[in-house]
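S.K.: Just a sequence and a predicted model for now, questions to come.
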Amino acid sequence: MVARTHNRVLTTVAVLFLALFLSFRAFAENGPVVSVSGGQVRGVALTDGGAVFKGIPYAQAPLGELRWKPPAAATHWAGVRDAGEFGGTCAQNPMWGMPKVTNEDCLYLNVWTPAWPAAGLKPVMVWIHGGGNVAGSGNENGKSLAQYGVVLVSFNYRLGLFGFLAHPELTAESPDHASGNYGLMDQVAALKWVQENIKTFGGDPSNVTIFGESAGAMDVNLLMASPMAKGLFKRVIAESGSILLSGGAQPLPVAEKGGVKFAELAGAGTGPDALKKLRAATVDQLLEAFSKYAGPEGIPDGLMVAVDGKVLPRSPAELFMVGKQIPAALIIGINAREFGGPADAAKAKKFIENEYGPLAAQTLPLYGISIGPDGGVSQAEPDPKYGKPGDQFNTDTTFRCPSSVVAEWNSRAGNATYQYQFSLSVPGHPEIGAPHASEVPYVFGTLDEQRAMRPNYQSTDYAASKAMQEYWTNFAKTGSPDRKGLPAWPQYEADSKKYVEFTDKGVETGADLRQKQCEVFARWVKTKGEKSASAVH
């Protein structure tokens, strides 16, 4: 009797599980279906009324002979392609807690909509992920940001040696006599896909905002300097990055020399068949060689971006300097303490001297570094917001002051420009301040997803997240981040240099962000430019 009862219970449970499985399957099969340039895709309806379509190919997999070639149009597929899961992440070495990836089939994008079926055309925001152009993924959760009335697109693009390798043989085989910047070409291809297909998802192709963080922020600025991207976007948001990041784009001959060095490290040699050997190498072999080429930090000089004559016909910095970039309204800003620097006073002094040379003497006092009568070096106490002098200098020269320079260049060109600083400390860790990338979950509204690592988010964090999402999406809608009910965000102009700051007390307005430090930086940039011009001529 007990056995029969037990069997009946098991049978009932099995039937319930089968019914649940079939209902989920039916729900998935009844998801929204749309037609795009490669065929039909079926997405997933969201509980808030929107929809998401993941893993849509925007180009062919860059395998075999397509390795180190401009992205080719996605091939057509038969039937309805499932778009319920993210596409694969692009090949990369393990960095910053992210695992090694050996996948080259990664040119996929994702689309979130605020409502389904779509009603009217909404502004479009296209996210370009960070990671030094050598790591990371665009597979962010865009649901929260889309709920503010935008169609959100994210995508993966080729990274590191797969995305930015220049080499004389690649230049020779190119009809444009250019090589490198394949990752940037992927970004252009994704933006062209948006132009061709986004209406299907209720997006307005004439109102596209590109936004990115770190290397992604550098990339959105680089796209402003690329004729290939003309007409593909209207507005730009750069979080913690600029065209001056890591020295900016390097001349093609310099990039090619780096490619030759990489080929040798990969065992391909320097002969006429080096490229053939590189294309025949496994992903593991190439990643191992790249780890040697890039060095202990994993990022080669200049992030490998090159003035190749095609994607970037001219130095982006020179283009911005004379106001010849693609005209676009711009939000650009940084986090208060992006990266740490030397903690020791003597090392911080040497760090500044190595960077600034003759300008170091007038710079040291700005960072509270002094030299005593006996030659001893001392430094001021750490600033609660900006950290130790070494931290301050590293953040100023790598992020803050370059962003201010780009803001000034864009403003002088007659484009609406807005500057910000994000200063909320990592919850539970005020000693590290607001480090690199800590603003990303605020922008995407994914603080709850971060709670496993950062359980101490407070109401002030959620308020800052909501404010940032509203400012970002207002900007995408109108070209101005302002909206009734939000603190006014004044434009950045050369004479006033106003900005907003996101703090644990709310949104505050300021002016002349680290003015004295950034004036020295601007002189240093000008001196470097004059030396480079002299060397060329």
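M.R.: All right, it came through fine.

S.K.: What is the neighbour count of residue 80?
M.R.: 15 (other CB atoms under 10 Å). For the C-beta atoms, the positions are set from N, CA and C on the backbone; glycine is no exception.

S.K.: mind pulling up the phi and psi values for it?
M.R.: phi -100, psi 120 (degrees, to the nearest 10).

S.K.: what bridges to it?
M.R.: residue 40 (DSSP bridges).

S.K.: okay but it is in contact with residue 36, surely?
M.R.: No: taking contacts as CB atoms under 8 Å, residue 80 lies outside contact range of residue 36: 11.3 Å.

S.K.: any idea which helix or strand carries the nearest residue to residue 126 once chain neighbours are set aside?
M.R.: Of all residues beyond its chain neighbours, the one nearest residue 126 is residue 153 (4.6 Å), with distances taken as CB to CB, 6 or more residues apart in numbering. Per DSSP states H and E, residue 153 falls inside strand 151-155.

S.K.: What is that strand packed up against?
M.R.: Applying 3 or more CB pairs under 8 Å, 6 or more residues apart in numbering; DSSP states H and E, one finds that strand 151-155 makes contact with strand 108-113, strand 122-128, helix 182-197, strand 203-213.

S.K.: run the last query once more with 7 Å
M.R.: For strand 151-155, the packing partners by 3 or more CB pairs under 7 Å, 6 or more residues apart in numbering; DSSP states H and E come out as strand 108-113, strand 122-128.

S.K.: Going by neighbour count, which residues in the shortest one are buried?
M.R.: If you call a residue buried by 16 or more other CB atoms under 10 Å, then strand 108-113 has these buried ones: 108, 109, 110, 111, 112, 113.

S.K.: Name the nearest of these relative to residue 274.
M.R.: Taking CB to CB as the measure, residue 274 lies nearest residue 108 of those, at 30.3 Å.

S.K.: dump the residue contacts of the closest one.
M.R.: 55, 56, 57, 58, 87, 155, 156 (CB atoms under 7 Å, 6 or more residues apart in numbering).

S.K.: For those residues, give me a markdown table that also has secondary structure and distance to residue 102.
M.R.: Shown next, in a markdown table, are these (DSSP: H, G, I helix; E, B strand; the rest coil; distance: CB to CB, whole Å):
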| residue | secondary structure | distance to residue 102 |
| --- | --- | --- |
| 55 | strand | 18 |
| 56 | strand | 22 |
| 57 | strand | 19 |
| 58 | coil | 21 |
| 87 | coil | 15 |
| 155 | strand | 20 |
| 156 | coil | 14 |
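
S.K.: Restricted to buried residues, select those in ChimeraX.
M.R.: Buried residues within the contacts of residue 108, by 16+ other CB under 10 Å, are selected in ChimeraX with:
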select :55,56,57,58,87,155,156
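
S.K.: Among the contacts of residue 108, which one lies nearest to residue 98?
M.R.: residue 156 (13.0 Å).

S.K.: In contact with the closest one, which residues are there?
M.R.: Residue 156 neighbours (CB under 7 Å, 6+ apart): 87, 89, 90, 106, 107, 108, 137, 138.

S.K.: same thing but 8 Å
M.R.: 87, 88, 89, 90, 106, 107, 108, 109, 129, 137, 138, 139 (CB atoms under 8 Å, 6 or more residues apart in numbering).

S.K.: Residue 66 contacts residue 60, doesn't it?
M.R.: Yes: when contacts are counted by CB under 8 Å, residue 66 is listed as touching residue 60 (6.3 Å).

S.K.: Please report how far the closest residue to residue 325 other than its chain neighbours lies from residue 130.
M.R.: Closest residue to residue 325 apart from its sequence neighbours, by CB to CB, 6+ apart: residue 224 at 4.4 Å. Distance, residue 224 to residue 130, by CB to CB, to the nearest Å: 17 Å.

S.K.: ok, now residue 513?
M.R.: For residue 513, the distance to residue 130 - CB to CB - is 21 Å.

S.K.: tally of neighbours for the residue nearest to residue 126?
M.R.: 30.

S.K.: just to revisit the earlier point, with mean pLDDT and distance to residue 198 as added columns, please give the helices and strands packed on strand 151-155 in CSV.
M.R.: Supplementary listing: those in CSV, determined by pLDDT from 0 to 100; distance: least, CB to CB, whole Å:
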stretch, mean pLDDT, distance to residue 198
strand 108-113, 98, 8
strand 122-128, 98, 6
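
S.K.: State the distance from residue 47 to residue 110.
M.R.: For residue 47 relative to residue 110 (CB to CB), the value is 18 Å.

S.K.: next one: residue 291
M.R.: Distance from residue 291 to residue 110, by CB to CB: 29 Å.

S.K.: Please apply the same query to residue 42.
M.R.: 14 Å.

S.K.: Check residue 460 too.
M.R.: 30 Å.

S.K.: do residue 475 as well
M.R.: Note on residue 475: its distance to residue 110, by CB to CB, is 21 Å.

S.K.: And for residue 49?
M.R.: 18 Å.

S.K.: now swap in residue 157 and tell me
M.R.: For residue 157, the distance to residue 110 - CB to CB - is 13 Å.
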